[in-house]
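Asks: based on what follows, work out the 3D shape:
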Amino acid sequence: MDKIWIFIVLMSLVFLLFSSPESVLNTMISASGSAVNLSVKLLAVYAVWLGLIEIVKETRLSHKLSNLLSPLIDLLFGKVDNKAKDYIAMNMSFNMLGVGNAATPTGIKAFNALEDGSDKATAAMIMLLVINTTSIQLLPTTIIGMRVTAGSASATDIIIPSLIATIVSTVVGVLLVKLVYYRKRKNKTNASKKRDFYKSQQPL
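Replies: A predicted model of the protein is given here:
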C-alpha cells in the first residue's frame, strides 16, 4: 500500500511539473498545512470518542449491548469470546447510529480481539469488515451533520433512502461472505474425502 501511495504522489508531482511548474512548491506547502490541520481535527475527534468508549466500558454498557445483540453476533460471527463480543456490539451500535468516528476505534479493537495468532484473516474478521463497510444506518448522524453544515433545507430527508440502501448492501454482503465460506468448507470436505478414498484403495 505504501508503494501505491508513493507512486500516486510521484505521478501527481510529475503532471504538476508539466502543467503548472510554478505552483508546485505552493501546492506542496498548502497540502502539508491541510494534512496537519486534518490530523489535529481527527486527533481531537478520536480523543473524544475514545474517552466515551472508556466510559461505556466502565459503566458496563458495552456488556449490556453485548447481551442484547448476542444472538445476532453469534449468528453472524460464530462463537467469539466475551471481549470481542463487547467490541463488536459497540461497533455495530455506533455504525447503526451513523457515528463512524466512534465505530473505527471499536472496530480496530474488535479486529485485534478476533485474531487467532495466524497471519490470515478469520471468517469473523472478514464478516466484521463487510458489516463495517456496508453498515446499516438507522440514523446517519454524520451525513445529516454534513448536510446541515452545507446549508441543506431538509437535512433529514436522507434517513429513509440511507436506511433502505444500507439494509440491502448489508444483507447482500453478509450472504456473500456466508456463501464463500460455505463453498470453501464444502471444497475442503470433498478434498478430504477424496484423500481418504485414495488411501483406502492403496494395497497394504
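Asks: show me what the helix or strand hosting residue 159 is packed against.
Replies: Take DSSP states H and E as the rule and residue 159 turns out to sit in helix 159-201. Applying 3 or more CB pairs under 8 Å, 6 or more residues apart in numbering; DSSP states H and E, we find helix 159-201 packed against helix 123-134. For the C-beta atoms, the positions are set from N, CA and C on the backbone; glycine is no exception.
Asks: got the buried residues for the helix it packs on?
Replies: 123, 124, 125, 127, 128, 130, 131, 132, 134 (16 or more other CB atoms under 10 Å).
Asks: repeat for stretch 138-155
Replies: 140, 142, 143, 144, 147, 155.
Asks: could you pull out the helices for this structure?
Replies: Remark: helices assigned in the chain by DSSP state H are 2-19, 24-58, 61-77, 82-96, 100-114, 123-134, 141-149, 159-201.
Asks: so which of these is the most packed in?
Replies: helix 82-96 (a mean of 23; mean count of other CB atoms under 10 Å).
Asks: quick one: mean pLDDT for that helix?
Replies: Mean per-residue pLDDT for helix 82-96: 83.
Asks: between helix 123-134 and it, find me the angle.
Replies: 10 degrees (axes from the mean of the first three to the mean of the last three CA atoms, to 10 degrees).
Asks: report the angle between the axes of helix 82-96 and helix 159-201?
Replies: 140 degrees.
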